[in-house]
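**Student:** Show me the folded form of this:
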Amino acid sequence: MKHNQLASDFRFVCDPIEFSKFTEKSLLQYCLGATLYMPGTKDVTEKVLTRSFEGLTSMVMCFEDAIDEGDVNEAEDNVLRHLNDLSVALSDGRITHEDIPLTFLRVRNTAQFRRFARRLTPEQGAVLSGFVFPKFYSCNALEYLECLSSLQQRLDTPLYAMPILEGRDIAYIESRNAELLRLKELLDPFKDLILNIRVGGTDFSSLFGVRRNINSSIYNIMTVRDCLSDILNVFNRAGEGYTVSAPVWEYFLADISEDLSHLLEESIHTSLLNQNTIINPAIDGLLREVVSDNANGFVGKTIIHPSHLRFVNSMQAVTREEYEDAQQILNASGGVVKSAQANKMNEINPHRNWAKRISLRAQAYGVIEDESYYLKLMIS
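**Tutor:** Model prediction:
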């Protein structure tokens, strides 16, 4: 897998790296990008084998909210067939591990996870990246994590957890801090298994009876914003080893049908922050939220439609100015230096954690010349 390859003639300042489930975790957790959720009943094997799912690098096949409870057995069988077919293609040499999107399975609950885990073979595990644990609470966290640890040992392959933090205990202020701190205490011994922390933005919204519209952002909903802020405060601290993915964008189509070449010289961040129309409401709303995601330290984003892939992943790329600042900071021992473009100070020690993250994003998504190149990546 390799990000931002839809524009085949696009020239990066630094190209993004190729990655697979076997990439070092410290980098892989920055590589998820736009993670596409789909029902576990959906047959996508042929698209993966023919590499026709353009831009797809990570996906979740869901046994939970995306399907009816009565369809769980069908979904499990479908997923096992999918993994079998990928395993056969891998052994036949038709694909490599680098051709397989990072594939996760969103389980329904701990009982269904344990039952399904017993059905997995080492061959299927070799093409699977891990599991998403919904409604991940302090009361069930240990059961999920111990089961995954045992499964990873049995299958002898890396398998990662992506717990979803949601529910009343985190949403409601009287219990939030205690629950988050308890969750971190439970997660820390299993840190090597945790690829990413995900957040239930829709679940939080539901608990307060609110919903953002296509022209606003999840960050405009104050009660939800407070939940997200506290999750970041606990799990996004520098040096703790966790990354947190941004909440799902709920609106479907973000297609481009008209010629947008006249936009290529626009300053995309300025236009978005000023609420200027760039492309259309569906795309602009998504891009505006991704700008806020990145500014707040989220890494990647849950998506529900393939048309979102190019927009979310393009916006993860790093500009030359950011990259040069990060390299200058990482290569200095201390003090304060003028940036390469002489427009800001780089204070070495306070900015070092930012620089490390920028460096990892640059490896995962590439380095582009300046802001105008975001749109070139999207619409080329």
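**Student:** which stretches of the stretch 1-150 of the chain form helices?
**Tutor:** If DSSP state H, counting those that start in this stretch is used as the criterion, the helices of the stretch 1-150 of the chain fall at 25-28, 45-49, 72-92, 110-117, 122-125, 141-155.
**Student:** what's the second one packed up against?
**Tutor:** Contact analysis of helix 45-49 by 3 or more Cβ pairs under 8 Å, 6 or more residues apart in numbering; DSSP states H and E lists helix 72-92 as its packing neighbours. For every residue, glycine as well, the C-beta is placed using N, CA and C.
**Student:** looking at the helices of the stretch 1-150 of the chain, which is closest to residue 366?
**Tutor:** helix 25-28 (13.7 Å; Cβ to Cβ).
**Student:** one step back: including mean pLDDT, could the helices of the stretch 1-150 of the chain go into a markdown table?
**Tutor:** Below are the helices of the stretch 1-150 of the chain laid out as a markdown table (pLDDT from 0 to 100):
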| stretch | mean pLDDT |
| --- | --- |
| helix 25-28 | 97 |
| helix 45-49 | 93 |
| helix 72-92 | 97 |
| helix 110-117 | 97 |
| helix 122-125 | 98 |
| helix 141-155 | 98 |
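**Student:** show me the contacts for the nearest residue to residue 119 once chain neighbours are set aside.
**Tutor:** With sequence-adjacent residues excluded and distances taken as Cβ to Cβ, 6 or more residues apart in numbering, residue 119 is closest to residue 80, at 6.4 Å. Contacts for residue 80 (Cβ atoms under 8 Å, 6 or more residues apart in numbering) come out as 119-120, 124.
**Student:** next one: residue 247
**Tutor:** Residue 247 makes contact with 199-202, 218, 228, 301-302 under the criterion Cβ under 8 Å, 6+ apart.
**Student:** follow-up on the earlier one: would you list the helices of the stretch 1-150 of the chain in CSV and tack on distance to residue 348?
**Tutor:** What follows is the helices of the stretch 1-150 of the chain, written out as CSV (distance: least, Cβ to Cβ, whole Å):
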stretch, distance to residue 348
helix 25-28, 21
helix 45-49, 44
helix 72-92, 45
helix 110-117, 45
helix 122-125, 43
helix 141-155, 37
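**Student:** Any regions of the stretch 101-250 of the chain where pLDDT drops low?
**Tutor:** Across the stretch 101-250 of the chain, nothing is flagged by pLDDT under 70.
**Student:** now the strands for it?
**Tutor:** Assigned by DSSP state E, counting those that start in this stretch, the strands in the stretch 101-250 of the chain fall at 102-106, 130-133, 160-165, 198-199.
**Student:** what's the closest of those strands to residue 91?
**Tutor:** strand 102-106 (16.9 Å).
**Student:** separation between residue 150 and residue 169?
**Tutor:** With the distance defined as Cβ to Cβ, to the nearest Å, residue 150 ends up 26 Å from residue 169.
**Student:** The two - which one has more neighbours?
**Tutor:** Ranked by neighbour count (other Cβ atoms under 10 Å), residue 150 and residue 169 place residue 169 first, with 18 against 12.
**Student:** Does residue 326 touch residue 352 like I think?
**Tutor:** No: assessed by Cβ atoms under 8 Å, residue 326 is found out of contact with residue 352, at 9.3 Å.
**Student:** Specify which residue of these two has the higher count of neighbours.
**Tutor:** Per other Cβ under 10 Å, whichever of residue 326 and residue 352 has more neighbours is residue 326, with 24 against 16.
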